[in-house]
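> fold the following, please.
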Amino acid sequence: SQYKDPFILSAVRHFFFRLRRSNRLSGYLYKFYETIFSANKIFRENNIASVFLAEDAYYVCPFFVKAANDLKIKTIVFPFSFSNQEEYVFMLKGREEFLLNSFWKRFFCFFFPKWKHRTTEDILLIRQPVSVALAMEILGCAPQNPWVYIGGNATAILVDSEFAKDYYVRSGIDERKIRVVGNIPNEHSKKLIMEHAVSCNNQVVSEKKVLCSLPPDMIDRLLFTSHREMTEYWIKSLKKPGVNLIVSLHPRLPRNDFSFVEKKYNIQISEIPINELIAECDIFVACISATIRTALAYKKVVLNFDM
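Model (predicted):
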């Protein structure tokens, strides 16, 4: 009964709480292992036969792939976008924590060179802090190529073209895992484009429909102090006479956090699938989004704000 002492239990809970929030190697090992363990439990309890993902290199994806692979469950990646290492390079090269400028970073990359990248400006970068990358290596869930969304640990990778396949093979992904299946979202878009072309015949438009696709909260804090500040800047810039402004939230954004858009600015937040919204808009506003491809296919005017 002495081990049930409230003080001891509270101290143990506090220890693991602090460990989970730690940015040290031990903290990441604990958090990552906890995620792998939880995913393993979910798969076993629900008799999961296969797992579909939009990527397998970042967020919780590598840990779910690791858990599935350990249980011999098939993991299939169908990329949500065309992954390009230049995206990461552009995003990281101005941030101190990702510059390869310390002994421990160089020491780590000596043994794990795949985490290192030299830019065209001759700047050496590391894809993740050493504690994160080392934890992933220790737990066996590090991507084959950390510089693309498709890390290569999934059972199969479905791509839309031979060009994409060749790109991922040159990036170090096992060619045997890659299957060319065409672009399913674009096939759906083709149907919507035809329907849109028919509906637009002889249509008189009195105002411009502007679709604002809000990105997830991953903005550069050098430009705005918060995601809300960025959102309000976009809305104030786009809300003009003769404009019907519609807002679509990224799936990672909780709708409740954006009630101010409807209350303060009297602007509709639509829950209609974005492919359908793009078909009906005149101007599409986004931030380096995969949906820009769809808007271009519809021959829409696209404003791409790189935040």
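
> longest helix of this protein, counting residues only.
Longest helix in the chain by number of residues (criterion: DSSP state H): helix 25-45.

> kindly format the C-alpha coordinates of the helix or strand just after that helix as CSV.
For helix 25-45, the succeeding helix or strand toward the C-terminus, using DSSP states H and E, is strand 50-53. C-alpha atoms of strand 50-53 as CSV (Å, rounded to 0.1, in the frame of the first residue of the first chain):
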residue,chain,number,x,y,z
SER,A,50,-3.8,-2.1,-43.8
VAL,A,51,-3.0,1.5,-43.1
PHE,A,52,-3.4,4.4,-45.7
LEU,A,53,-1.4,7.6,-45.1
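
> which other helices and strands contact the very next helix or strand once past strand 50-53?
Next along the chain after strand 50-53, taking DSSP H and E as the criterion, comes helix 61-70. Contact analysis of helix 61-70 by 3 or more CB pairs under 8 Å, 6 or more residues apart in numbering; DSSP states H and E lists helix 25-45, strand 50-53, strand 74-77 as its packing neighbours. Yep, even glycine has a C-beta here, placed from its N, CA and C like the rest.

> now do M307, the pLDDT please.
On pLDDT, M307 comes in at 69.

> actually K191, sorry about that
56.

> try P241
P241 is given a pLDDT of 88.

> that one belongs to a helix?
No. Looking at P241 with DSSP: H, G, I helix; E, B strand; the rest coil, it is coil, so not inside a helix.

> could you identify which of the helices and strands packed on helix 61-70 is most buried?
Neighbour counts (mean count of other CB atoms under 10 Å) averaged over each of the helices and strands packed on helix 61-70 peak at strand 74-77, with a mean of 20.

> what's next to that one, contact-wise?
49-56, 64-65, 68-69, 150, 153-158 (CB atoms under 8 Å, 6 or more residues apart in numbering).

> rerun at 6 Å
Contact with strand 74-77 is made by S50, V51, F52, L53, D56, V65, A68, I150, A154, T155, A156, I157, as judged by CB atoms under 6 Å, 6 or more residues apart in numbering.

> what bridges to N244?
Taking DSSP bridges, one finds K209 as the beta-bridge partners of N244.

> surely it meets K209?
Yes. With contact defined as CB atoms under 6 Å, N244 counts as touching K209 (4.9 Å).

> in the stretch 51-200 of the chain, where is pLDDT below threshold?
Where the stretch 51-200 of the chain drops to pLDDT under 70, the residues are 83, 183-200.

> can you give me the helices for it?
For the stretch 51-200 of the chain, the helices defined by DSSP state H, counting those that start in this stretch occupy 61-70, 85-92, 103-111, 130-139, 162-170, 184-199.

> okay if I get the ones you listed as TSV plus mean neighbour count and distance to K177?
What follows is the helices of the stretch 51-200 of the chain, written out as TSV (neighbours: other CB atoms under 10 Å; distance: least, CB to CB, whole Å):
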stretch	mean neighbour count	distance to K177
helix 61-70	23	12
helix 85-92	16	18
helix 103-111	14	25
helix 130-139	19	19
helix 162-170	15	9
helix 184-199	13	18
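
> re earlier: dump the longest helix of the chain to PDB, restricted to CA.
Output of helix 25-45 as PDB, limited to C-alpha atoms (Å, rounded to 0.1, in the frame of the first residue of the first chain):
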ATOM      1  CA  LEU A  25      16.800  13.000 -26.300                       C
ATOM      2  CA  SER A  26      15.200  11.100 -23.400                       C
ATOM      3  CA  GLY A  27      12.000  13.200 -23.800                       C
ATOM      4  CA  TYR A  28      11.700  12.400 -27.500                       C
ATOM      5  CA  LEU A  29      12.500   8.700 -27.000                       C
ATOM      6  CA  TYR A  30       9.600   8.600 -24.400                       C
ATOM      7  CA  LYS A  31       7.200  10.500 -26.700                       C
ATOM      8  CA  PHE A  32       8.000   8.600 -29.800                       C
ATOM      9  CA  TYR A  33       7.900   5.200 -28.100                       C
ATOM     10  CA  GLU A  34       4.600   6.100 -26.400                       C
ATOM     11  CA  THR A  35       3.100   6.900 -29.900                       C
ATOM     12  CA  ILE A  36       4.400   3.700 -31.400                       C
ATOM     13  CA  PHE A  37       3.000   1.700 -28.400                       C
ATOM     14  CA  SER A  38      -0.400   3.400 -28.700                       C
ATOM     15  CA  ALA A  39      -0.500   2.800 -32.500                       C
ATOM     16  CA  ASN A  40       0.400  -0.800 -32.000                       C
ATOM     17  CA  LYS A  41      -2.400  -1.200 -29.500                       C
ATOM     18  CA  ILE A  42      -5.000   0.500 -31.800                       C
ATOM     19  CA  PHE A  43      -4.000  -1.800 -34.700                       C
ATOM     20  CA  ARG A  44      -4.200  -5.000 -32.600                       C
ATOM     21  CA  GLU A  45      -7.500  -4.200 -30.800                       C
END
